[in-house]
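Enquirer: Would you be able to build a 3D model of this:
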Amino acid sequence: MRKFVSIGLLIMLAGAIAVTVVLITRPMEQMEGILIQESPDSLDKEKIVIREYGLPVDSFYTVSGIVKRDQTLSIILNDFGADGRTIHYLAEASRGVFDLRKIRRGNPYKVFCSLDSTHTVQYFVYEHSPVEYVLFNLHDSLHVVHQEKEISIRTKQASGVIATSLWNTMLDNDLDPMLAFELSEIYAWTIDFFGLQAGDRFSVDFDEHYVDTSYIGLGRIHGAYFHHANHDFYAIPFIQDGLESFYDQEGNSLRKAFLKAPLRYSRISSRYSHSRLHPILKIRRPHLGVDYAAPVGTPVLTIGDGKVIKTGYSKGNGNMVKIQHNSVYATAYLHLSRYGKGVKTGAFVKQGDVIGYVGSTGLSTGPHLDFRFYKNGYPVDPLKVEAPPVEPVRQENLIAYDSIRMLTIRALDQISFPDSMIQAASPALAGAPQ
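Expert: A predicted model of the protein is given here:
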């Protein structure tokens, strides 16, 4: 089952679109909770039994609630009349099934009680996540089971034209903003999302996951297309060596040796220059890096595998990390508020590891990351570095890949870009070819 990234990671994302959506629904399995049974007194009649968590709701008096601060299983069940001995046995039965210390404030629960006047608690259900729940049986035998709800999948298609903000337009068009994150991940090594222009456009074919009728997150990306800087970039998913990755039309991996940027959500506040007016010193001097403005504490990622060759503080650079990636390339990350876990001189890091957090240490007017790129020991413009690709689709897999490529591109090319969308993005693009 796919894991979902918390919203706290999605602070900002420069990029942008106006979006239209076409919904395609796959045949859905019968939703959990609805069971059709034949009535015993008539072969021609049917009785609908509503079930939740496998329990017939009509057979119980039910109470729904939300875990409050400092509430535990014991406290909740005590409120419903369960005695200490029963609660103790349930706690013992939960060992190896679910850690009761992980019951979280704000998560929902439901209590199933008898229909008689005593309203004796029979079952207690705690929802650990939108999919996972734990059922505590207090009825016929004291036991605990950890279950997952059935997930249904719907396939959706979306297309968009760059306007102002990728993130905001996703929200404006009732699309999960995680889709913006997914696209930035797929194209992280190919497209500079800090440099998107009005008129750039995309289409994407993807799954959404539902439990009953409730949306719980994005699923698999079946393919994507991005038109950026007058180039077409297709992303075709293909499994090689048991791992699914995205490739272009020629079968080259979209994953490069280096990430395009060391932060996912920020904006460029100052570019590489040999003569920049220093904001504090008020003199012109070289600025041999790119400044990314971002809130304090924003994670800073290493753009590639390598060895940490320097960490430390200086009055000008503040807290900094320098990484040697290979015999040719090195990168440096300046003005950090603090370092990532285990990041010290001599440590080895992998691409995407958090090596520090945005700060304003050293000679700085505000929170930002000063990112430096070195080639053969000399600074170069990070925005102009062309990283080599990783392994493409191998020769023996090309026939299988070509079949998937043709089907994926055909599906993506059928997703239209209405004139209204283009006009909303930029009036000058109203007659642009699609």
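Enquirer: residue ranges with poor pLDDT in this structure?
Expert: 1-47, 164-165, 168-169, 172-173, 265-266, 269, 271-286, 388, 418-434 (pLDDT under 70).
Enquirer: quick check: longest helix of the protein.
Expert: helix 398-413 (DSSP state H).
Enquirer: mind checking how far Pro379 is from Asp291?
Expert: 14 Å (Cβ to Cβ, to the nearest Å). Heads up, the C-betas are built off the backbone N, CA and C, glycines and all.
Enquirer: Look at those two and report which has more neighbours.
Expert: Asp291 (23 against 17; other Cβ atoms under 10 Å).
Enquirer: ok, how many other residues are close to the residue lying closest to the more buried one once chain neighbours are set aside?
Expert: Of all residues not flanking Asp291 in the chain, Ser270 sits nearest, at 3.8 Å (Cβ to Cβ, 6 or more residues apart in numbering). Using other Cβ under 10 Å, Ser270 has 15 neighbouring residues.
Enquirer: Quick check: Gln147 touching Val97?
Expert: No - Gln147 is beyond contact range of Val97, at 10.4 Å (criterion: Cβ atoms under 8 Å).
Enquirer: which residues are in contact with both of the two?
Expert: Counting by Cβ atoms under 8 Å, 6 or more residues apart in numbering, the common neighbours of Gln147 and Val97 are Val134.
Enquirer: count of neighbours near Val385?
Expert: By other Cβ under 10 Å, neighbour count at Val385 equals 16.
Enquirer: so it makes contact with Pro379?
Expert: No - the pair Val385 / Pro379 is not scored as a contact, 11.0 Å apart, by Cβ under 8 Å.
Enquirer: Determine the residues that are contacts of both of these two.
Expert: Phe373.
Enquirer: what bridges to Phe112?
Expert: Thr62, Tyr123 (DSSP bridges).
Enquirer: how about the helices in the stretch 51-200 of the chain?
Expert: 73-79, 84-93, 166-172, 178-186 (DSSP state H, counting those that start in this stretch).
Enquirer: Tabulate the CA atom coordinates of the longest one in PDB.
Expert: As requested, C-alpha coordinates have been extracted for helix 84-93 and formatted as PDB (Å, rounded to 0.1, in the frame of the first residue of the first chain):
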ATOM      1  CA  GLY A  84     -10.600  -2.800  35.300                       C
ATOM      2  CA  ARG A  85     -10.200  -6.500  34.900                       C
ATOM      3  CA  THR A  86     -11.700  -6.600  31.400                       C
ATOM      4  CA  ILE A  87      -9.500  -3.600  30.400                       C
ATOM      5  CA  HIS A  88      -6.400  -5.400  31.800                       C
ATOM      6  CA  TYR A  89      -7.100  -8.600  29.800                       C
ATOM      7  CA  LEU A  90      -7.600  -6.500  26.600                       C
ATOM      8  CA  ALA A  91      -4.300  -4.800  27.200                       C
ATOM      9  CA  GLU A  92      -2.600  -8.200  27.500                       C
ATOM     10  CA  ALA A  93      -4.400  -9.400  24.400                       C
END
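Enquirer: Check which residues of it are buried.
Expert: For helix 84-93, a neighbour-count test (16 or more other Cβ atoms under 10 Å) marks Ile87, Leu90, Ala93 as buried.
Enquirer: what's the distance between Gly223 and Gly251?
Expert: 14 Å.
Enquirer: which secondary structure elements does the longest helix of the chain contact?
Expert: strand 201-211, strand 214-228, strand 231-240 (3 or more Cβ pairs under 8 Å, 6 or more residues apart in numbering; DSSP states H and E).
Enquirer: For the longest one, buried residues please.
Expert: So that's strand 214-228. Buried, per 16+ other Cβ under 10 Å, within strand 214-228: Ile216, Gly217, Leu218, Gly219, Ile221, His222, Gly223, Ala224, Tyr225, Phe226, His227, His228.
Enquirer: and the closest residue in space to the fifth one that isn't next to it in sequence, what are its bridge partners?
Expert: In this case it means Ile221. Closest residue in space to Ile221, ignoring its immediate chain neighbours: Phe206 at 4.9 Å, by Cβ to Cβ, 6+ apart. As for beta bridges, Phe206 partners with Lys156, Ile221 under DSSP bridges.
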